[in-house]
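Visitor: coords below, sequence missing:
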Ligand SMILES: NC(=O)c1ccc[n+]([C@@H]2O[C@H](COP(=O)([O-])OP(=O)(O)OC[C@H]3O[C@@H](n4cnc5c(N)ncnc54)[C@H](O)[C@@H]3O)[C@@H](O)[C@H]2O)c1
């Protein structure tokens with residue numbers, strides 16, 4: 001245990017003892033360096049000012065245990081930063097203090113935003129995941145607590161790097177939350193306890209489905225004029241495997257994560273089908289993204305039991321977006337609808353009928369939102385100086401996602417270890433990107449990027 005973990009938590013001490021005792025006691029107590037020095041205010045910087053970045057910042061500003069202020073923002077595109085800033089200022093007029101000299105643009109903007117913070121403050125990473133390890137490295141150097149969005153990695157080399165960074169963060173007593181919010185769903189927490197206590201026996205089968213129309217940046221047309229290849233790929237990150245892991249990692253990781261949690265281990269291997277039915281836009285232009293529009297993955301756990309995952313991005317087909325488990329004594333519904341939608345439930349046989357119901361989650365209204373819970377939990381850990389680092393399991397969930405994707409993209413069975421050891425570094429030199437850098441994917445004369453070819457390209461994905 002390092003010295004900061006041994007020492008009394010300053011905030012815990014303040015909470016327990018009142019101010020006068022604190023000042024005399026502090027003379028003899030080493031203050032953990034990770035806490036915001038000299039003030040109970042925790043400052044926030046936002047790196048990646050898009051949909052989720054704005055949402056995560058709002059959750060940060062709504063935590064039960066403030067005070068919290070947003071003081072710096074970073075993005076690549078001025079309009080993105082301005083849009084999030086404007087919305088947040090309207091919602092939280094007294095908690096947003098981001099003047100022009102703390103608004104930063106460019107691939108090095110993350111450093112400048114973090115330079116505005118003190119050790120113990122919090123930085124939010126809500127860019128595409130390819131940048132996660134670069135930004136996390138700097139946050140650890142600066143002694144910052146972190147909230148980072150999922151996925152954490154999309155390939156083998158960066159997964160190994162993130163495992164090592166996770167250890168570095170813990171060694172510095174930094175608190176790190178990961179945006180796999182299912183883990184903070186009070187319903188799924190109770191479901192996990194009940195399943196691990198054997199209420200439906202041994203888990204022998206799991207199923208996950210996310211099937212809806214093409215969302216986000218799932219589909220992309222050839223790059224228009226007036227934007228570089230790199231910025232086009234970053235902007236439409238769901239379309240490109242190096243940036244996001246494609247729709248597979250970005251859309252499917254939540255269900256993969258919480259079903260692994262229920263089973264209490266990660267699948268050891270995957271085989272998969274995937275294909276592209278719709279290659280042309282309604283105008284007849286070829287799409288240039290790297291996604292399949294259907295994936296059907298068979299994951300296997302070490303005991304031989306299976307987890308089947310179906311993903312589809314197609315209009316007009318039946319929409320199914322749910323997760324469930326079959327045990328030797330009954331079944332459970334983890335997410336009724338969506339990534340972790342309430343309620344979760346357990347049944348005494350293999351059909352989910354009212355007559356078979358043995359338990360249905362009931363969550364108090366102030367804890368129904370897992371996105372808010374994950375921030376209250378992170379803030380409690382910071383203010384009470386409790387160990388808190390979700391990176392290892394976040395990387396593992398990312399590797400399991402990548403394993404399913406790689407199985408579909410290559411047409412081969414892929415093991416967890418093979419995915420982790422795969423040497424395809426999908427975004428080399430990303431830590432040195434500038435606005436003028438070449439993109440990791442180079443288009444051909446028709447504006448098309450390399451796509452997966454199962455059975456033909458089998459040792460890497462494209
Ligand atoms: N937990 C969830 O349920 C959830 C929901 C949505 C998104 N997400 C995750 O959040 C992340 C962002 O997704 P989004 O939907 O908000 O996308 P988005 O496109 O709305 O926002 C991403 C922002 O990051 C900026 N950006 C890209 N590269 C950058 C860099 N190097 N430095 C600074 N800024 C950069 C972009 O310009 C953009 O404004 C993804 O990893 C996604 O998977 C999680």
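Guide: Now that the structure is in, tell me what you want to look at. What you see is a predicted model; the values in this text were computed from it and never measured. Numbers count the residues shown, from 1 in each chain.
Visitor: need the pLDDT of whatever residue of the chain ends up closest to the ligand.
Guide: Closest to the ligand within the chain is residue 50: 1.7 Å, counting by Cβ to the nearest ligand atom. C-beta here means a position set from N, CA and C on the backbone, and glycine is covered the same way. Note for residue 50: predicted pLDDT of 98.
Visitor: go ahead and confirm it touches residue 79.
Guide: No. Judged on Cβ atoms under 8 Å, residue 50 makes no contact with residue 79 at a distance of 10.9 Å.
Visitor: ok, those two, which is more surrounded?
Guide: Applying other Cβ atoms under 10 Å to residue 50 and residue 79 shows that residue 50 carries more neighbours, namely 20 against 9.
Visitor: ok, for residue 424, nearest residue in space, not its chain neighbours?
Guide: residue 460 (4.3 Å; Cβ to Cβ, 6 or more residues apart in numbering).
Visitor: whoops, I mixed them up, residue 202
Guide: Nearest to residue 202 is residue 328, by Cβ to Cβ, 6+ apart, at 4.8 Å.
Visitor: just to revisit the earlier point, correct me if wrong: the residue nearest to residue 424 contacts residue 418.
Guide: No. In this structure, residue 460 is not within contact of residue 418 by Cβ under 8 Å, at 11.7 Å.
Visitor: residue 372 belongs to a strand?
Guide: No. Residue 372 is assigned helix when assessed by DSSP: H, G, I helix; E, B strand; the rest coil, not a strand.
Visitor: so what's it scoring on pLDDT?
Guide: Reported pLDDT for residue 372: 98.
Visitor: returning to that earlier point: tell me the SS of the residue nearest to residue 424?
Guide: Per three-state DSSP, residue 460 ends up coil.
Visitor: OK, contacts around it?
Guide: Residues counted as contacts of residue 460 (Cβ atoms under 8 Å, 6 or more residues apart in numbering) are 410, 422, 424.
Visitor: OK, contacts around the last one?
Guide: In this case it means residue 424. 155, 156, 157, 460, 461.
Visitor: and for the last one, the neighbour number?
Guide: Yep, that's residue 461 we're talking about. 26.
Visitor: phi and psi next, for the closest residue in space to it that isn't next to it in sequence.
Guide: Spatially, and ignoring its direct neighbours in sequence, residue 461 is nearest to residue 409 (4.1 Å; Cβ to Cβ, 6+ apart). For residue 409, the backbone dihedrals (degrees, to the nearest 10) come out as phi -70, psi -30.
Visitor: can you check the one 5 residues further on too?
Guide: The phi and psi torsions at residue 414 (degrees, to the nearest 10) take the values phi -120, psi 130.
Visitor: and if you look at residue 195?
Guide: phi -70, psi -40.
Visitor: then the one 10 residues further on?
Guide: Here is the backbone geometry of residue 205 (degrees, to the nearest 10): phi -160, psi 140.
Visitor: residues touching it, list them.
Guide: Here residue 205 is in contact with 305, 306, 307, 308, 325, 326 (criterion: Cβ under 8 Å, 6+ apart).
Visitor: which one of those residues sits closest to residue 454?
Guide: residue 308 (18.5 Å; Cβ to Cβ).
Visitor: sweet, I'm off.
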